[in-house]
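>>> quick one, fold the following:
(one chain, ligands or ions: 1)
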Amino acid sequence: FLGFIGGCIEMHDRKVAEEALKERETELQQVMNVQKRFVADAAHELRTPLTAIQGNLDILIRHPHIPEDEKKEIVQDVQREATRLGRLVNDMLQLARGDSGLAFKEEEVDLHRVLHSAFRDAERFSEDHHLELGKVENVTLYGDRDRLKQLLLILLENAVKYTPAGGTIRGTLVCSDSRAEVRISDNGIGIAEEDIPRVFERFYRVDKARQRSEDPGGTGLGLPIARWIVDQHGGKIWIESEVGKGTTVVVQLRAEPVT
Ligand code: ADP
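Residues are numbered from 1 along each chain as shown. Next up, the predicted model:
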């Protein structure tokens, strides 16, 4: 009889183990599918600037006597595409490292200082925009200072990129109930309601044609990187936006106000 009970338990255990294994397999399959899609999308994104570079170099080789101004334009085009290629590779490497579970630092960070410093940096790439800081409370939290700065720079770069010259970009930082809230607002082109959930997807870009022509174009990886940084800090990020009016990106992080 004991042998029979023992057999039943063994069978039950084996069944549980088999089910657990199946579950792990499904999880693994899902991770692999995501990776496969990332590689396919990445290859596609890399091919676009590469094709443009090859095409332009072809023209230069085949027509060595084209007018100087035309030549200059072609070379500038190659340079723009090469910049874009570089950006894509950098962003992809970041996300790949993120997927492999790279550790974030746990240091004491004065978030207000990081915000001030990101705004100072943004002056350099903003050209004709008004950059202003509204209410900025002193907030300290535990996290990775460099990553948090990178997060703010991504949001500021987007605000600049998608706001016509002369527009205003505003930042605020408040803290209550152990929660810091950073808001980066612009009065730019805005994002349609149906696109808002999609802009955090890798390589998703709302409308490639709407970029400023001299810009080499984004990678569609800025917001996914931003979200990854926020996730690693146990925070939340979301977008409030209206087409033609502007966009606000809100980041919430666990923190304490400095008294
Ligand atoms: P990109 O490199 O294209 O800027 P992101 O992942 O940072 O990639 O953003 C994805 C898309 O979300 C952008 O292509 C743009 O269409 C939209 N977007 C992001 N930020 C803003 C903003 N502040 N205003 C309007 N559209 C934005």
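
>>> what does the stretch 151-259 of the chain put close to the ligand?
Taking Cβ under 6 Å from any ligand atom as the contact definition, the stretch 151-259 of the chain meets the ligand at 158-159, 161-162, 186, 188-191, 199, 204-206, 218-224, 247. Just so you know, the C-beta spots here come from the backbone N, C-alpha and C atoms, and that holds for glycine as well.

>>> what helix or strand is the residue lying closest to Lys71 once chain neighbours are set aside on?
Nearest residue to Lys71, sequence neighbours excluded (Cβ to Cβ, 6 or more residues apart in numbering): Leu60, at 6.9 Å. Using DSSP states H and E, Leu60 falls within helix 2-62.

>>> what do you get for Glu181?
Using DSSP H and E, Glu181 falls in strand 179-186.

>>> so what strands line up beside that strand?
Sheet partners assigned to strand 179-186 using DSSP bridges are listed as strand 168-176 (antiparallel), strand 246-254 (antiparallel).

>>> now do it: everything it contacts.
111, 115, 139, 141, 152, 155-156, 159-160, 162-163, 167-175, 246-255 (Cβ atoms under 8 Å, 6 or more residues apart in numbering).

>>> can you check stretch 78-93 too?
42, 45-46, 49-50, 52-53, 56-57, 216-217, 219, 221-222, 225.

>>> try it again at 10 Å.
Residues outside stretch 78-93 that contact it (Cβ atoms under 10 Å, 6 or more residues apart in numbering): 38-39, 41-42, 45-46, 48-57, 60, 154, 202-203, 214-222, 224-225.

>>> what subset of those residues is buried?
With neighbours counted by 16 or more other Cβ atoms under 10 Å, the contacts of stretch 78-93 contain buried members at 38, 41-42, 45, 49, 52-53, 56, 154, 202-203, 216-222, 224-225.
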